[in-house]
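Participant: pasted the sequence and its predicted model underneath.
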Amino acid sequence: MSTVEYFPGIGRVPHAGEPSATDLRFCHYDPDRVVAGRAMREHLRFAVCWWHSFSWHGSDVFGAPTRQPTWVVAGDNPLQRAERQAAAACVELERRLPALTQITGNRAMPGFTAPKLLWLAAHEPQVFAACRRVLLPKDYIRLLMTGETASDLSDSAGTLWLDVGARCWSDEVLAATGQLRPAVAARWGLPDGVLVAAGAGDNAAGAVGMGLVAQGAAMVSLGTSGVTFVASERFAPNAARGVHTFCHAVPGLWHQMAVHLSAAHCLAWLGRILGAAEPVLLDELDDRAVAPQGVFFLPYLSGERTPHNDPGAVAMFHGLTASMGRRELVQAVLEGVGFAFRDGIDAIRAGGTHVARASLVGGGARSRYWAQLMSDMLEIPLDLRAGGEVGPAVGAARLARLATTGEGVADVCFPPPLLETLAPRTARAAEYRATHGRFGEFYQRLRSPGGQANRL
């Protein structure tokens with residue numbers, strides 16, 4: 001009997017069989033095994049978090065058999081290898097369909113579904129031939145709950161299979177798409193006939209929770225990764241600059257997103273190296289340190305999407321001297337993340353979408369210092385609102401309410417209470433505007449050859 005840690009707070013969960021030799025820590029799942037006083041199948045966190053495709057020998061969260069993917073080999077990092085192969089599939093997909101970006105409003109990127117299926121067709125044709133449906137994780141959960149297959153437009157836009165401008169799938173998909181199976185309802189202590197709404201992608205759900213359901217409504221999410229989200233009444237893609245253009249989760253709206261793969265994660269990474277927690281590092285800064293210090297940090301710890309679409313982009317510090325210490329390193333990290341967000345907003349604006357102000361959400365928003373710095377660097381007012389950290393959950397609940405009651409979107413999806421607005425400081429904004437160009441120059445010097453792998 002060996003052990004593996006499934007989730008923080010649960011502890012180490014025993015399982016039978018050989019553990020995976022890869023970096024992924026999910027090895028086996030026994031739906032009847034009791035963990036923290038309840039059978040595993042009763043822990044909804046497992047149901048929500050489990051990614052079926054990366055389950056190892058054993059069973060998935062609903063007891064279905066899983067298998068060992070053939071591309072996992074001893075001594076290899078499976079996620080890095082998957083990223084390389086998906087990047088190659090993106091190149092092949094755009095070669096086969098030159099009009100891809102016009103149809104979908106997006107460049108092919110490794111995180112989307114279509115490149116993964118293209119790789120599967122090329123390398124595991126028997127498995128691909130056996131596929132009858134392809135479901136996103138939340139849609140697979142819904143299938144097991146209701147027995148019906150459905151998705152929503154916002155999440156489906158991220159598959160790279162949707163004609164985003166035409167909104168090929170009906171708006172009715174945002175309404176009730178099925179009823180909870182009686183056996184599942186009984187297991188969860190719910191009445192028969194509970195409706196299950198189509199839901200939304202995570203960012204679209206967060207926008208609904210924050211009340212961003214009108215033209216130009218925007219949010220900046222300073223989480224582990226980073227997102228600038230802007231709602232729009234028109235389909236306005238800018239795929240050449242790596243902007244994601246998706247259907248919104250409510251009828252008649254689209255949204256543009258600039259996506260940054262490492263945001264607050266950069267500070268956590270630095271904290272691990274320096275042996276200090278992020279709040280401690282932030283507390284050491286004061287207003288005197290806000291002005292640019294001449295140290296630059298490229299925050300591409302995991303590649304980058306907007307505006308570069310470069311999974312091979314790398315991070316770096318530039319301009320360090322012997323007189324500097326960890327305060328300068330922290331300041332450079334915060335500024336590097338801010339510059340990346342500025343690149344993203346500039347890419348959205350280049351597509352014709354105006355960004356005048358935004359709500360600031362995510363873990364980084366808890367630091368007023370960092371929040372003010374972001375306002376200075378983006379040169380827009382940032383609104384701090386109550387409950388921003390639970391925006392996606394509130395948004396999902398609101399979509400369920402809309403599916404059940406038929407109320408108007410504006411009547412249900414209103415913004416949370418405003419706590420404070422941080423306006424850009426004119427002098428500091430000018431300083432960062434003057435140094436932004438140098439930030440872009442460093443990426444151009446270090447960019448990966450071709451930006452992506454060129455073989456499938």
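Facilitator: Happy to help now that I have it.
Participant: Lys116 contacts Ala87, doesn't it?
Facilitator: No - taking contacts as C-beta atoms under 8 Å, Lys116 lies outside contact range of Ala87: 11.1 Å. Backbone N, C-alpha and C define where each C-beta goes, glycine included.
Participant: these two: which is more packed in?
Facilitator: Between Lys116 and Ala87, counted using other C-beta atoms under 10 Å, the more crowded position is Ala87 (25 against 20).
Participant: checking my notes, that one in a helix, right?
Facilitator: Yes - per DSSP: H, G, I helix; E, B strand; the rest coil, Ala87 lies within a helix segment.
Participant: ok, Val409 touching Arg401?
Facilitator: No - between Val409 and Arg401 there is no contact, the gap being 10.6 Å when judged by C-beta under 8 Å.
Participant: which one of these two is surrounded by more residues?
Facilitator: Legend: neighbour count by other C-beta under 10 Å for Val409 and Arg401, higher for Val409 (21 against 14).
Participant: so what's that one closest to, chain neighbours aside?
Facilitator: Val250 (4.9 Å; C-beta to C-beta, 6 or more residues apart in numbering).
Participant: mind checking the SS state of that neighbour?
Facilitator: coil.
Participant: check contacts around it.
Facilitator: Leu174, Val208, Val213, Leu402, Val409, Cys413 (C-beta atoms under 8 Å, 6 or more residues apart in numbering).
Participant: from Ala397, how far off is it?
Facilitator: For Val250, the distance to Ala397 equals 14 Å [C-beta to C-beta, to the nearest Å].
Participant: what do you get for Gly388?
Facilitator: 15 Å.
Participant: more crowded one of these two?
Facilitator: Comparing Gly388 with Ala397 by other C-beta under 10 Å, the one with more neighbours is Gly388, at 23 against 16.
Participant: which residue packs closest to the more buried one, ignoring adjacent ones?
Facilitator: Closest to Gly388 by C-beta to C-beta, 6+ apart is Val361, at 3.7 Å.
Participant: just checking, that neighbour touches Gly387?
Facilitator: No - if you go by C-beta under 8 Å, Val361 and Gly387 don't touch, sitting 9.2 Å apart.
Participant: the two: who's more crowded?
Facilitator: Val361 (29 against 15).
Participant: is the more buried one in a bridge, and if so with what?
Facilitator: In this entry, Val361 is beta-bridged to Ser221, by DSSP bridges.
Participant: so Gly111, which of the three states?
Facilitator: coil.
Participant: which residues touch it?
Facilitator: Applying C-beta under 8 Å, 6+ apart, the residues near Gly111 are Ala86, Gly158, Arg305.
Participant: filter those down to the buried ones and hand me the PyMOL line.
Facilitator: In PyMOL, this line selects whichever of those come out buried by 16 or more other C-beta atoms under 10 Å:
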select buried, resi 86+158+305
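Participant: nearest to Leu329 among the contacts of Gly111?
Facilitator: Arg305 (24.8 Å; C-beta to C-beta).
Participant: what about the closest one, distance to Ala99?
Facilitator: 21 Å.
Participant: and the end-to-end length of stretch 243-254?
Facilitator: Its start and end residues considered, stretch 243-254 measures 13 Å (C-alpha to C-alpha, to the nearest Å).
Participant: okay, domains of this protein per the record?
Facilitator: The record's domain parsing of the chain by automatic domain parsing lists 2-66, 78-197, 204-390+403-456.
Participant: mean pLDDT lowest for which of those domains?
Facilitator: Mean pLDDT is lowest for domain 2-66 out of these, coming in at a mean of 41.
Participant: just the strands in the stretch 301-450 of the chain please.
Facilitator: For the stretch 301-450 of the chain, applying DSSP state E, counting those that start in this stretch gives strands covering 316-318, 358-361, 382-385, 418-422.
Participant: could you dump those strands into TSV and include distance to Leu274?
Facilitator: Formatted as TSV, these follow (distance: least, C-beta to C-beta, whole Å):
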stretch	distance to Leu274
strand 316-318	13
strand 358-361	25
strand 382-385	27
strand 418-422	27
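Participant: with respect to Leu446, which of these lies nearest?
Facilitator: Across the strands of the stretch 301-450 of the chain, closest to Leu446 is strand 316-318 (C-beta to C-beta), at 6.3 Å.
Participant: on that earlier part again, distance to Leu422 for the contacts of Val250 - can I get that in CSV?
Facilitator: Formatted as CSV, the contacts of Val250 follow (distance: C-beta to C-beta, whole Å):
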residue, distance to Leu422
Leu174, 34
Val208, 24
Val213, 23
Leu402, 32
Val409, 28
Cys413, 24
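Participant: could I get the contacting residues of the residue nearest to Ala397 when sequence neighbours are not counted?
Facilitator: Using C-beta to C-beta, 6+ apart and skipping residues adjacent in sequence, the residue nearest Ala397 is Gly209, 8.0 Å away. Neighbouring residues of Gly209 by C-beta under 8 Å, 6+ apart: Gly387, Val390, Gly391, Pro392, Ala393, Val394, Gly395, Ala396, Ala397, Arg398, Pro416.
Participant: and what of Thr159?
Facilitator: Phe112, Thr113, Ala114, Val134, Leu136.
Participant: count of neighbours near the third one?
Facilitator: Read that as Ala114. 22.
Participant: re earlier: contacting residues around the residue nearest to Gly388?
Facilitator: Neighbour list for Val361: Gly206, Met210, Met219, Val220, Ser221, Leu222, Gly223, Arg385, Gly388, Glu389, Gly391 [criterion: C-beta under 8 Å, 6+ apart].
Participant: for those residues, which one is nearest Ala423?
Facilitator: Using C-beta to C-beta, the contacts of Val361 come closest to Ala423 at Val220, 14.5 Å.
Participant: ok, the closest one touching Met377?
Facilitator: No - checked against C-beta under 8 Å, the pair Val220 and Met377 is beyond contact range at 10.7 Å.
Participant: who touches both of these two?
Facilitator: Phe341.
Participant: so if I had to pick from those two, which one is more boxed in?
Facilitator: The neighbour comparison of Val220 against Met377 (other C-beta under 10 Å) goes to Val220, with 30 against 26.
Participant: can you tell me the closest non-neighbouring residue to the more buried one?
Facilitator: Ala358 (4.7 Å).
Participant: from Pro299, how far off is that neighbour?
Facilitator: Relative to Pro299, and taking C-beta to C-beta, Ala358 is found at 19 Å.
Participant: ditto for Val314
Facilitator: From Val314 to Pro299 the distance is 10 Å (C-beta to C-beta).
Participant: give me the more crowded residue out of the two.
Facilitator: Set side by side, Val314 and Pro299 show unequal neighbour counts under other C-beta under 10 Å, the larger going to Pro299 at 29 against 15.
Participant: my read: the more buried one touches Phe341, true?
Facilitator: No - counting by C-beta under 8 Å, Pro299 sits too far from Phe341 to count as a contact (9.5 Å).
Participant: shared neighbours of the two, anything?
Facilitator: His260, Ala263.
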